[in-house]
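# A structural model of the following input is requested.
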Amino acid sequence: MAKHGKKFRAALSRVDRLKSYDLNEAVELIKDVSYARFDEAVDVAVNLNVNPRHADQMVRGSVSLPHGQGRDIRVLVFAKGEKATEAREAGADFVGDMDLVEKIQDGWLDFDTTVATPDMMGQVGRIGRVLGPRGLMPNPKTGTVTFDVAKIVSELKAGRVEFRVDKAGIIHVGFGRVSFDADKLQDNLLAVLGELARLKPASAKAPYFRQITVSTTMGPGVKIDVAAGASLI
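From the prediction side, this is the model:
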């Protein structure tokens, strides 16, 4: 394992790893200890008390961030005819049908999220093994398999993010940039936690939120008091 550099160690020294910070303290701290020369992404890792191997405990969904993600989201839409035109007019970056399927089969993955009209899912299914493991497969549960392509494209371009619990019971969500004001980061983070609380499976055991950690691209993780999430349930 590579050793961390001096800047990371200096940032880490300012974080009490035994402490769970209030949400506002944590957001201020990760901004304060940020040291990269670029505008780092800010992410949250939420460890949920669920077993994803059980279908009734699979937490998956999406949330519209009040202040967006702070970056341009490249949206790909599988559609044809009138729906393809609607997708382009709504701002989709890439629109097509079998041409895009074949392009992805050849290894192209220069996009961030996908949408498909229901009639295209037969073709899209051919590349499920490519898109699925990367979290890029359109899914009715997240609203990305729909004939209302204009609406979903607009939402995704405006800052809607999708998430899915991994095998370890952890959800990772990017919710802004270091350059965001602290209050905007807090609003975005609360939106994420609020949606996770809303999606709590009935069979999930307490405590639902086991650990919440925020971090920047290059910086150390900062733990947040799980009460910040529990209060939203």
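# I'd say Lys205 and Asn49 touch.
Yes. Lys205 lies in contact with Asn49 (CB atoms under 8 Å); the separation is 5.3 Å. The C-beta positions use only the backbone N, C-alpha and C, and glycine is treated the same way.
# these two: who's more crowded?
More crowded of Lys205 and Asn49, by other CB atoms under 10 Å: Asn49, with 16 against 10.
# wait, doesn't the more buried one sit right on Tyr208?
Yes. Between Asn49 and Tyr208 there is a contact under CB under 8 Å: 5.5 Å.
# give me phi/psi at the closest residue in space to Ser203 that isn't next to it in sequence?
Leaving out its chain neighbours, the residue that sits closest to Ser203 by CB to CB, 6 or more residues apart in numbering is Asp56, at 5.2 Å. The phi and psi torsions at Asp56 (degrees, to the nearest 10) take the values phi -80, psi 0.
# quick one, what contacts Asp56?
Taking CB atoms under 8 Å, 6 or more residues apart in numbering, we find Asp56 in contact with 201-203.
# and the strands in this protein, which stretches?
For the chain, applying DSSP state E gives strands covering 41-48, 60-64, 75-78, 94-96, 113-116, 160-164, 170-177, 209-216, 222-224.
# okay, those strands in JSON lines with distance to Ala10 next?
Converted to JSON lines, the strands of the chain look like this (distance: least, CB to CB, whole Å):
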{"stretch": "strand 41-48", "distance to Ala10": "19"}
{"stretch": "strand 60-64", "distance to Ala10": "33"}
{"stretch": "strand 75-78", "distance to Ala10": "39"}
{"stretch": "strand 94-96", "distance to Ala10": "42"}
{"stretch": "strand 113-116", "distance to Ala10": "36"}
{"stretch": "strand 160-164", "distance to Ala10": "31"}
{"stretch": "strand 170-177", "distance to Ala10": "21"}
{"stretch": "strand 209-216", "distance to Ala10": "14"}
{"stretch": "strand 222-224", "distance to Ala10": "15"}
